[in-house]
Structures are given as structure tokens and as C-alpha cells.
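Peer 1: Just to be clear, the model below is a prediction. Sequence and coordinates:
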Protein chains: 2
Amino acid sequence: MPDHGGDRRPKYQRIADELRTAMDAGAFAPGDRLPGENDLMAAHGVARMTARQALSVLRAEGLAEARKGVGVFVRSFRPLRRRGVTRLSRERWGNGRSVWSADLGDRTLVVDRVEVSAAAPAGPRVARALGLDSPEAPVCVRRRRFVLDGKPVLLAVSYLPAPFTEGTAITEPDTGPGGTYARLAEHGHRPVRFREEIRCRMPTPAETTGLALEPGTPVILICRTAVTETGVAVEFNEMTLDASTYVLEYDFEA
Amino acid sequence: MPDHGGDRRPKYQRIADELRTAMDAGAFAPGDRLPGENDLMAAHGVARMTARQALSVLRAEGLAEARKGVGVFVRSFRPLRRRGVTRLSRERWGNGRSVWSADLGDRTLVVDRVEVSAAAPAGPRVARALGLDSPEAPVCVRRRRFVLDGKPVLLAVSYLPAPFTEGTAITEPDTGPGGTYARLAEHGHRPVRFREEIRCRMPTPAETTGLALEPGTPVILICRTAVTETGVAVEFNEMTLDASTYVLEYDFEA
DNA sequence: GAGTGGTCTAGACCACGAA
DNA sequence: TCGTGGTCTAGACCACTCG
């Protein structure tokens, strides 16, 4: 008979709370091992599935990660800072201190995979974002995966209207010094205005494998549209970020 | 006997995949009822816990929500757009209009709860963000909850150095026309530069209750620092957003 | 009252990693 | 080899919603 000991809350919630409180109090540091299923069964006198459910709560919250055959451990959060504005315009204004201090600015992202298609149909969504007349309009598609210290952290798919990329290095895996935007500028299509839209949700199975995500890790979606001085959209970039890795930063003026 | 039918993947994953694929194909529209635990047990010849685990996968992905005693249903996503740059431009808050008005479509976003403390110790984190000398330095703390059509979607905690707020309406629940920034401007502390830092993670239990979140819904954290022309930080604002409600938007130039 | 999802038990076999 | 977490079964009682 399930005796809740004067507490109406489910057992697995109380066990999870107890562990979470201990973690907050510093009893378990990031990387430390947590009590396993067997420990919780013995300590709380519950069945296997109940102990398991308690741990699954912590994993779903992104607080713990299980390693098969080893144990359950406290996850750590070491953010990678992405500066939305200054990264596209070399200019800084140093006021306003960062809240999440662990700034790994010196680490460099390595492109893991590149996949380029010189011309493919835009499709309705991309055509609308780029302001193209037809969903059949050809676009250059560049897919890339970025890896930080061996762990994939960012998937990016960039769409550019084919007329702007034909005969340029943009259709090559290596776009050359300055990257895509430098090539666009050389051909008179320099992007000057940007819009980034940000969403956040739980990952699809494809994203989970592509980013090697732990359970309980959301993804951040950034959709960037780049526009020239004359108001022509030259790039639509869809990025999928491991939310346990990234902190986004935007500086702007009133 | 666990017969995986020539497939190495777990049964619950294959069941979840089947439902997810059907949802993508449009067999289940947002709001539609999905096959329940009993349906899946019968259809796939599995035990209760296995069918349950399959559904829990979809809930953890934010795709489905369970209603006790009723069934499991496809979740819908109706985003609320938050414009990070233009919403803080001077014209917006200079003319007495609420900065939030621009965010709304046909829906209404109202402040649900306000809690103001005229002077409290900043604490190390806030002191650092505001560039205060001491963690004991007094700050005005304003806590607010915003509700959209009856559902809480945003928790905001704003910290302002007490010297800038003493004797102003900022220490009142109602800050008056133009809000906090208008009051700051009137006393010679007009914020002109802003930095917003964005993170995303799974919610804490407090956030889950405070925002009435469904399981499988991440939260977006925005930390905004507002700085005057002379480089003095006058506000540090921590916001917690229901990620299933919000889309953030940032416009900027190269 | 019937059906639903929420919680829980007491077993079982497996794959994995470390000693 | 041994302990770990991953999966799965076959039951059970409960609270909730709806007709």
C-alpha cells in the first residue's frame, strides 16, 4: 500500500526534490556521481521503477545524465557565448557585464561537415523568407556542422538565391577568406541588415543524433535573414544550437 | 519474450516514431486526440508501461500533452513575437505607451502580479551585473508576472540601484506613464544602451508552477542590462519566458 | 459507472563499462 | 565477473473526467 508519509506528492517527486535540493546546496558538484537506482531503492524502500522515475525527472530537467553501466552524474553547464551583433560588425562597447561568466571566447569552432548544393528548389518556406517569386526558384544550399572540442554544437543550413552565388566560391565547400558575406560583397550584394528570430523547443530525433544531445537538452533555433542596402534578401540561415552549450548575446541602442 | 521484430530499436521508441511520423504526415492535427495507453497496448501487444513510455517520449518532445481522465492530445504552437530592438526604442516608451503593446496581436497580455521592494541587498550576482561595489548595495526589486489570455507566459524580476529609484514611482507597483525607463529618464538616468543575454533550459519546479508549463516545455531566460550614456548600469532585468509561447526577434545592422 | 491517465510494485533479461 | 543503467512484463490501486 502506497503510504506517502503524510505528503500528498508522489514518491518519485519527493525523491527527485531531495536530490535536487542537495545539488543546490552543493552536496553534489558538477560531474559528481549521484545515488543510483539501487541506492535509491534501498534508501527510500521503493521499487526499481520508482527510483528510476525519480532520476528521470532530474534528467528531463537537464540536471543529471546517466552513463550506461557506470552511474548517474551531475551535468555541468559551460556556456559558449555567441555575440549576435558584434560578430557581424567588428565593434564593441564594453559596458554591461556578462551574467554568465564562464566565457570560453578563445575556443574555436571547427566545421565538421560541409555539404553544398549549387542549385535546388527553394521550397515555400525559404522562398517566402527570401522574398522569392516562386517556390521553384533555385537557391544555393550550404549545410554545415560545427564541433567544439569534439562535440557537435551547431547545425547550420544556409540558403542563398542562386543568381547571387553562381560562379562564386559560395558554391564551393570552402568559401575563401571572409566567407560567404565577403563573396557576396565582392559581387555587389553586401548584406548590411540582419534579422534573427529565436525559438526554443525540445529536439527532434534527427537533431538529438546530429548534435549528440543528452536527454533533457533543448535546442535553440535561430533564423537569420540578411538584406542588402537596397532591401534584397541575400541569405536565409537556419541554425540549430545545443542549448546546453550556448548563450546568445545581443547589444543594441535605444 | 521481447521480440523486436528484426528491429534493434526499443519497442517504445518504435511506437513513438510511428506516432510522430503520423503526426508529421498530418494524420493528427493540433488538438486532436492520440491513441491512448490502452489503444497502444492492444495495437502493439505491449505492456502498460511500454505504451506509457512511448507516450512519454512524445510529451518530453513537447509534441503531445496528457489530460488526466481524458486522453492524450497533439499540442499546438501559437507564437507570441517579442521584438528585442524596436520595442525599446525611445519613441516606444517616451510617449507613454506600454512597451508591450507592440507585441500583441489580437491577444491581451496583462500584468498578473506585481511585487516591489524599494531596497534590498543586491547579492553578488546582481551586484556584478550592475557594476556595484558591494553585494550589500541596496537595489529596488520589481517582480512581475505577465499573463496572456489567462495563461502565465513571462516572469520578470528587475533590479535597479536604489539611489536611482528613491522617491520615484519606480518603487510603486504602478510606475506611471512610460514605465520605469521614463522615470529614470526624468531623473537624468536615461538608459540608451542595452545588452540581452539569452539562455534556454528545462524549467525548475518553481518555474513549472509559476508559468503553468506543460511537461516537455523549455524556458527562455533573458538577462537585460540597461546602461546610460555615461556608461552607468541602471537596470538588470531577469526574464523567464514560456518557450512554447515566444519567438524572439532582433534586428541589427552590420 | 466506465474509461482515462498517474503512480507503484516485484519481478525479469539485456548491454555496457570497469576492475 | 560484477554492478550499472535500459528495457519490459503483468499485475494493482488511485484520481480524474465525462456521460
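Peer 2: Cool, the structure landed. Keep in mind that what you see is a predicted model, and the values were worked out from it rather than measured.
Peer 1: where's A:Leu184, which helix or strand?
Peer 2: helix A:179-186 (DSSP states H and E).
Peer 1: and that helix, which residues are buried?
Peer 2: A:180-181, A:183-185 (16 or more other C-beta atoms under 10 Å in any protein chain shown). From N, CA and C alone the C-beta is placed, and that goes for glycine too.
Peer 1: now do stretch A:229-247
Peer 2: Buried, per 16+ other C-beta under 10 Å, within stretch A:229-247: A:233-247.
Peer 1: In PDB, could you pull the C-alpha coordinates for that stretch?
Peer 2: Presented in PDB, the C-alpha positions along stretch A:229-247 are these (Å, rounded to 0.1, in the frame of the first residue of the first chain):
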ATOM      1  CA  GLU A 229      21.300  48.200 -48.700                       C
ATOM      2  CA  THR A 230      18.700  48.000 -51.500                       C
ATOM      3  CA  GLY A 231      16.500  45.700 -49.400                       C
ATOM      4  CA  VAL A 232      17.200  42.500 -51.200                       C
ATOM      5  CA  ALA A 233      17.400  39.400 -49.100                       C
ATOM      6  CA  VAL A 234      20.600  37.500 -50.000                       C
ATOM      7  CA  GLU A 235      20.700  34.800 -47.300                       C
ATOM      8  CA  PHE A 236      18.400  32.900 -45.100                       C
ATOM      9  CA  ASN A 237      20.300  30.900 -42.500                       C
ATOM     10  CA  GLU A 238      18.600  28.300 -40.200                       C
ATOM     11  CA  MET A 239      20.700  27.300 -37.200                       C
ATOM     12  CA  THR A 240      20.100  24.700 -34.600                       C
ATOM     13  CA  LEU A 241      22.100  25.100 -31.400                       C
ATOM     14  CA  ASP A 242      22.700  22.800 -28.400                       C
ATOM     15  CA  ALA A 243      21.000  24.900 -25.700                       C
ATOM     16  CA  SER A 244      23.300  23.400 -23.100                       C
ATOM     17  CA  THR A 245      26.300  24.900 -24.800                       C
ATOM     18  CA  TYR A 246      25.200  28.400 -25.900                       C
ATOM     19  CA  VAL A 247      24.400  31.800 -24.500                       C
END
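Peer 1: Mind checking the pLDDT average for the helix holding A:Leu184?
Peer 2: Taken as a whole, helix A:179-186 carries a mean pLDDT of 90.
Peer 1: ok so A:Phe164 is a strand residue?
Peer 2: No - A:Phe164: not assigned to a strand; according to DSSP: H, G, I helix; E, B strand; the rest coil it is helix.
Peer 1: any idea how far it is from chain B?
Peer 2: A:Phe164 sits 17 Å away from chain B, taking C-beta to the nearest C-beta, to the nearest Å as the criterion.
Peer 1: What of A:Leu211?
Peer 2: 13 Å.
Peer 1: And stretch A:237-251, how far out from the chain middle?
Peer 2: How far stretch A:237-251 lies from its chain's middle: 5 Å, per C-alpha atoms, centre = their mean, to the nearest Å.
Peer 1: Kindly report the same for stretch A:20-34.
Peer 2: Counting by C-alpha atoms, centre = their mean, stretch A:20-34 comes out at 25 Å from the chain centroid.
Peer 1: Now do the strands in the stretch 1-150 of chain A.
Peer 2: Assigned strands in the stretch 1-150 of chain A, in chain order: A:33-34, A:64-67, A:71-74, A:80-83, A:110-121, A:138-148 (criterion: DSSP state E, counting those that start in this stretch).
Peer 1: Tell me which of these lies nearest to DNA strand C.
Peer 2: strand A:64-67 (6.5 Å; C-beta to the nearest atom of the strand).
Peer 1: Next one: that closest one, is it in contact with DNA strand D?
Peer 2: Yes - contact of strand A:64-67 with DNA strand D (C-beta under 7 Å from any atom of the strand) involves A:66-67.
Peer 1: List the contacts of A:Ala243.
Peer 2: Counting by C-beta atoms under 8 Å, 6 or more residues apart in numbering or on different chains, A:Ala243 makes contact with A:200, A:217-220, B:199-201, B:218.
Peer 1: and of those, the nearest to DNA strand D?
Peer 2: A:Thr217 (14.2 Å).
Peer 1: can you pull the contacts of that closest one?
Peer 2: A:62, A:203, A:242-244.
Peer 1: so can I have JSON lines of those showing secondary structure?
Peer 2: Compiled in JSON lines, the contacts of A:Thr217 are given as follows (three-state DSSP):
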{"residue": "A:Gly62", "secondary structure": "coil"}
{"residue": "A:Pro203", "secondary structure": "coil"}
{"residue": "A:Asp242", "secondary structure": "strand"}
{"residue": "A:Ala243", "secondary structure": "coil"}
{"residue": "A:Ser244", "secondary structure": "coil"}
